[in-house]
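A.B. asks: Curious how this folds, go ahead:
(chains A and B)
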Amino acid sequence: MSAEVHSASAGAKAKIRKIAIFVEETLVEMGRTVAPPARRAAAVAVIENPFAGKYVEDLSELMTIGEELGELLTQRAVAALGIPGPSAESYGKAAAVGENGELEHAAAILHPKLGTPVRRVLGKGAALIPSSKKRGGLGVVLDIPLGHKDAAFVRSHFDGMEVRISDAPRANEIMVAIAVTDSGRPLARVGGLTKEQIKGEDGLR
Amino acid sequence: MPEVQIRKRLLMVEEIFHEGGPVASQPQRRAAALVVIRNPYAGHYVEKIEAFMDDLKPLGLEMAQSLVTALGGDPKAVEGYGKGAIVGSSGELEHGALWHVPGGYAMRDVLGGAKAIVASTKKVGGPGTRLDIPITHINASYVRSHFDAMEVGITDAPRADEILLALVMTTGARVHARVGGLKAADIKGEDGLR
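C.D. replies: Down below sits the predicted model:
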């Protein structure tokens, strides 16, 4: 659990202040029953930003933290949905840097190393993990973009999940979020590539 | 009697390891269960609405149970609670008050007879409205370490003809509680206050 993550704070381990989990189930949309309900979960960690307040050239510590959080948060999100990792259908990631950090800190967490453990937990994940990032104050809203994990063009799974923690990120913190779903939009009907048509070779179709 | 129609559920769980001070040996955990239902009285004034409280009881129990599960499954681990409601714009504040009885009794039931009044708040608001749900100790309202609140909300709810219902439970005191007052260890537990 995360307490261990914290106590083993040697090296580039994330210093986690808080973890928040959100599980959303849509049972009815526009008066129509959604069966089974559309379900998605987001796991969000609030961590200390080791580079807050100063320019640091080498961001590798944050990249390692990204790797660690990729595994932890994906496991938490999948557990919250109560499904095995490979049953997840779409995913996304996002980070919000507190006011004493720079946008590049979010990039260091999200892009170089976070994806590999995410894909390990989910079994596959040929598609790019859609992402967003921003800098902001406490209570800032993060819209985590969502896309199908094996084929980015699956139109029914283009979506987004909003998360927010009222007391984060503080100035010297970073909020890191991973969202996972077991379904597409509730009443998807705008055509395009369907999940049944996925070839799953290039991550796109 | 009007049927309870659920559009959406949201479960939020927070684990708090520290807030700038020493890392807690046991992180404080807080969970909120939110359910968005159709407001059967939206759009016009209805005089008699009390019966809907009975209809909401099974939902209250289900939400209370989901919170205990989210906090690890042991009702004895729960030390704080609170409840709230946001009524969509075609409803009235009084519709939110319908939640007092089914929400409160559901948590007491599931927790095995908690004694303190369940702290609550309510408002009328649009989609995305945030609600700060007050939290107090489940057996003695005056336990100072357990005075807390959890902010909740759902981006697309409540719509005009909906009500967002919320229950909150926590596993303990604020992570760095140190402003004195009645301690949980010193509760008499007779009157729900001390």
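
A.B. asks: Return the distance of A:His111 relative to chain B.
C.D. replies: According to C-beta to the nearest C-beta, to the nearest Å, A:His111 stands 26 Å off from chain B. Backbone N, C-alpha and C define where each C-beta goes, glycine included.

A.B. asks: What number of residues are in the vicinity of that residue?
C.D. replies: 16 (other C-beta atoms under 10 Å in any protein chain shown).

A.B. asks: residue furthest from the geometric center of chain A?
C.D. replies: Residue farthest from the centre of chain A, counting by C-alpha atoms, centre = their mean, is A:Gly31 at 29.7 Å.

A.B. asks: per-residue confidence at that one?
C.D. replies: We have a pLDDT of 91 for A:Gly31.

A.B. asks: before we move on, what about A:His6?
C.D. replies: 45.

A.B. asks: Likewise for B:Val179?
C.D. replies: 89.

A.B. asks: what's the closest non-adjacent residue to it?
C.D. replies: Excluding the flanking residues, the one nearest B:Val179 by C-beta to C-beta, 6 or more residues apart in numbering or on different chains is B:Arg144, at 6.2 Å.

A.B. asks: Tell me the spacing between that neighbour and chain A.
C.D. replies: For B:Arg144, the distance to chain A - C-beta to the nearest C-beta - is 20 Å.

A.B. asks: OK, contacts around the residue farthest from the centre of chain A?
C.D. replies: Neighbouring residues of A:Gly31 by C-beta atoms under 8 Å, 6 or more residues apart in numbering or on different chains: there are none.

A.B. asks: Could you tell me the end-to-end distance of stretch A:129-142?
C.D. replies: End-to-end distance of stretch A:129-142: 16 Å, with C-alpha to C-alpha, to the nearest Å as the criterion.

A.B. asks: That should have said stretch B:101-121, apologies.
C.D. replies: 13 Å.

A.B. asks: do that stretch and chain A meet at all?
C.D. replies: No. Figure legend: stretch B:101-121 not in contact with chain A (C-beta under 8 Å from any C-beta of the partner chain); closest approach 14.7 Å.

A.B. asks: Just the mean pLDDT for that stretch, thanks.
C.D. replies: 94.

A.B. asks: What residues does chain B have near chain A?
C.D. replies: B:5-19, B:23, B:25, B:27, B:130, B:151, B:153-155.

A.B. asks: and the gap between the residue nearest to B:Val179 and B:Gly180?
C.D. replies: 7 Å (C-beta to C-beta, to the nearest Å).

A.B. asks: Can you pick out the residue with more neighbours from the two?
C.D. replies: B:Arg144 (17 against 8).

A.B. asks: dump the residue contacts of the more buried one.
C.D. replies: B:Arg144 touches B:Ala177, B:Val179, B:Gly180, B:Gly181, B:Leu182, B:Lys183, counting by C-beta under 8 Å, 6+ apart.

A.B. asks: and if you look at B:Lys183?
C.D. replies: B:Lys183 is in contact with B:Val143, B:Arg144, B:Ser145, counting by C-beta under 8 Å, 6+ apart.

A.B. asks: give me that answer again for 10 Å
C.D. replies: Each residue near B:Lys183 by C-beta atoms under 10 Å, 6 or more residues apart in numbering or on different chains is listed here: B:Ala140, B:Val143, B:Arg144, B:Ser145, B:His146, B:Ala173, B:Ala177.

A.B. asks: Buried ones among those residues?
C.D. replies: Among those, those buried by neighbour count (16 or more other C-beta atoms under 10 Å in any protein chain shown) are B:Ala140, B:Val143, B:Arg144, B:Ser145, B:His146, B:Ala173, B:Ala177.

A.B. asks: mind putting those residues in a markdown table, secondary structure included?
C.D. replies: Output for the buried ones among the contacts of B:Lys183, formatted as a markdown table (DSSP: H, G, I helix; E, B strand; the rest coil):
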| residue | secondary structure |
| --- | --- |
| B:Ala140 | coil |
| B:Val143 | strand |
| B:Arg144 | helix |
| B:Ser145 | helix |
| B:His146 | helix |
| B:Ala173 | coil |
| B:Ala177 | coil |
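
A.B. asks: I'd like the residues you listed as a markdown table, with distance to A:Ala151 appended.
C.D. replies: Below are the buried ones among the contacts of B:Lys183 laid out as a markdown table (distance: C-beta to C-beta, whole Å):
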| residue | distance to A:Ala151 |
| --- | --- |
| B:Ala140 | 56 |
| B:Val143 | 53 |
| B:Arg144 | 54 |
| B:Ser145 | 51 |
| B:His146 | 49 |
| B:Ala173 | 48 |
| B:Ala177 | 49 |
